[in-house]
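>>> Task: produce atomic coordinates for the following.
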Amino acid sequence: MTTYQGMARAHTNIALIKYWGKADSELFIPMNSSLSLTLDALYTDTKVCFSEELKQDSFCLNGEEQAEGAVAKISRFLDFFRNLAQLDLPCRVESVNHVPTGAGLASSASAFAALAAACRQALTLDLTDQELSTYARRGSGSATRSIFPGFVKWEKGDRHENSRAVPLDPADWGVAMVILALNTQHKKIPSRQGMAHTIETSAFYPAWPRLAEKHLKEIEAAIQRRDLKAIGQIAEANAMAMHATMLASNPPFTYFEPASLEAMDQVRSLRDQGYTAYFTMDAGPNIKVLCPASESQEIAQAMEEAFPEAKVITSQVGPGIQTLDHWPY
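Numbers count the residues shown, from 1 in each chain. Down below sits the predicted model:
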C-alpha cells in the first residue's frame, strides 16, 4: 500500500512592514513587498499522510475534524504538491496550532508554512526553502515569510516564481517581542475581505504601496545597523499608515478596539520612562511590542499590570521551518 508521510513545525511571524492588498488575488501576489520577524513562542505542528487507503482528503485541527469548506481549502493547497509529485492520492492532515486562530496573530502564516514543509518532506520534493516559500504563499500570503528565521523579506515579485521570501538577518542580537492578546476571538472582518474593501474604496490606498516600499528600504538599513529604535519607529509608523487606509474606506472600518488604543498609549508611556518599546498591530485588535530582549520581562510585567484580563506572551526570535522526527501529540 503506497503511503507518504511528513511532519513539520513552522513559527508565526509578525510583519513590521505590512502586507495589505493583493495585486493578483489568485496567485496571492501582493501590492508591496513586506518584512517580518519570526517568533519562537507561536507555532504550528502539522502531519500529512498521502495514502491509497484513504477515500478522500480530511483535515483535523486541534483535535477537531474540520467542515467541508475548510477541507476544500486545504485540498486546493495540497493539489500544488500532488501536481509537483505527479500523484493523485488522498491526504490526511493533522494540525496543532499553538496560535489563536483568526485573531490577527498570524496563525495562517505558521499553518500553511508547516503544511508546505510537511508536504515537501512526505513527497521528497526537490524544492529549496525559497521555492517552498512561493508555494506556502498560495495558502496564505504571510506564510511565505514563516519559512525562514529572524527578519525576513517577502519580495512581491510579479509572478508565482519570484514572489518569494528572502532571509535578511537572524536577529540574534537581543531582539524580542511582547504580544498583548486583548481579544483572541475570530475577528469580525477577515483579512482578505478587509483588504479587498480597502483597495476598492479607500481614498488613501493609492499612497500605501509607495509608502510601504519607502519604509521597507529604511527598515532594511536600520536592520543592517542593528538599530532597534529606528526599526521600531519605522514599524510603528507603517502599522498606523496601514490602519489609516481602512479608516478612509467607504464605509470605514477598523480593527481597533478601545483596549488597543489604551495599549498604544501604554507603550508610549513606557518609552517616556526610557524603555525601547514600539508597537505594531495587524488585522486584529492585538498589540505586539518590539523591544530588546533585556527589557522584555519588565515590559511584559507592565502590560500585565495595565491589562490584567489580557494574555501577555513574551517571545524571542523564532527559527525557520523544521521537520519533526516524531509526532508529539
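>>> With just CA atoms, put the longest helix seen in the chain into PDB.
Longest helix of the chain, by residue count under DSSP state H: helix 228-247. What follows is helix 228-247, C-alpha atoms only, in PDB (Å, rounded to 0.1, in the frame of the first residue of the first chain):
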ATOM      1  CA  LEU A 228      16.300  48.600  17.200                       C
ATOM      2  CA  LYS A 229      15.000  52.100  18.000                       C
ATOM      3  CA  ALA A 230      14.900  53.100  14.300                       C
ATOM      4  CA  ILE A 231      13.400  49.700  13.400                       C
ATOM      5  CA  GLY A 232      10.600  50.300  16.000                       C
ATOM      6  CA  GLN A 233       9.900  53.800  14.800                       C
ATOM      7  CA  ILE A 234       9.500  52.700  11.200                       C
ATOM      8  CA  ALA A 235       7.400  49.700  12.100                       C
ATOM      9  CA  GLU A 236       5.000  51.800  14.300                       C
ATOM     10  CA  ALA A 237       4.600  54.400  11.500                       C
ATOM     11  CA  ASN A 238       4.000  51.600   8.900                       C
ATOM     12  CA  ALA A 239       1.300  49.900  11.100                       C
ATOM     13  CA  MET A 240      -0.600  53.200  11.600                       C
ATOM     14  CA  ALA A 241      -0.400  54.000   7.900                       C
ATOM     15  CA  MET A 242      -2.000  50.700   7.000                       C
ATOM     16  CA  HIS A 243      -4.800  51.200   9.500                       C
ATOM     17  CA  ALA A 244      -5.400  54.700   8.100                       C
ATOM     18  CA  THR A 245      -6.200  53.200   4.700                       C
ATOM     19  CA  MET A 246      -9.000  51.200   6.400                       C
ATOM     20  CA  LEU A 247     -10.400  54.300   8.300                       C
END
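>>> Centre of the chain to it, how far?
16 Å (CA atoms, centre = their mean, to the nearest Å).
>>> when you give positions from now on, start the count at 5
Sure, I'll start counting at 5 from here, so that last one is helix 232-251.
>>> Can you point out the buried residues in that helix?
The neighbour-count check on helix 232-251 (16 or more other CB atoms under 10 Å) flags 232, 234-243, 245-250 as buried. Yep, even glycine has a C-beta here, placed from its N, CA and C like the rest.
>>> Could you do stretch 74-90 as well?
Using 16+ other CB under 10 Å as the test for burial, stretch 74-90 gives 75, 78-79, 81-82, 84-86, 88-89.
>>> Cross these against strands and list the overlap.
Of the positions in those, not one sits in strands, assigned by DSSP state E.
>>> Among these, which one sits closest to residue 20?
Residue 20 lies nearest to residue 81 out of these, by CB to CB, at 26.4 Å.
>>> for the protein, what spans make up the helices?
72-89, 111-126, 133-140, 195-205, 212-229, 232-251, 262-276, 297-310.
>>> So which of those helices is nearest residue 36?
Closest approach to residue 36 among the helices of the chain (CB to CB): helix 212-229, 4.0 Å.
>>> wait, what's in contact with residue 235?
Residues near residue 235 by CB atoms under 8 Å, 6 or more residues apart in numbering: 20, 223, 226-227, 282, 294.
>>> try residue 69
With CB under 8 Å, 6+ apart, residue 69 has these contacts: 62-63.
>>> and it, what are its bridge partners?
Note on residue 69: beta-bridge partners residue 64, judged by DSSP bridges.
>>> Most tightly packed of the helices of the chain?
The highest average neighbour count among the helices of the chain, using mean count of other CB atoms under 10 Å, belongs to helix 111-126 at a mean of 27.
>>> Packing partners of it?
Packing partners of helix 111-126 (3 or more CB pairs under 8 Å, 6 or more residues apart in numbering; DSSP states H and E): strand 7-21, strand 38-55, helix 72-89, strand 95-101, helix 133-140, strand 326-327.
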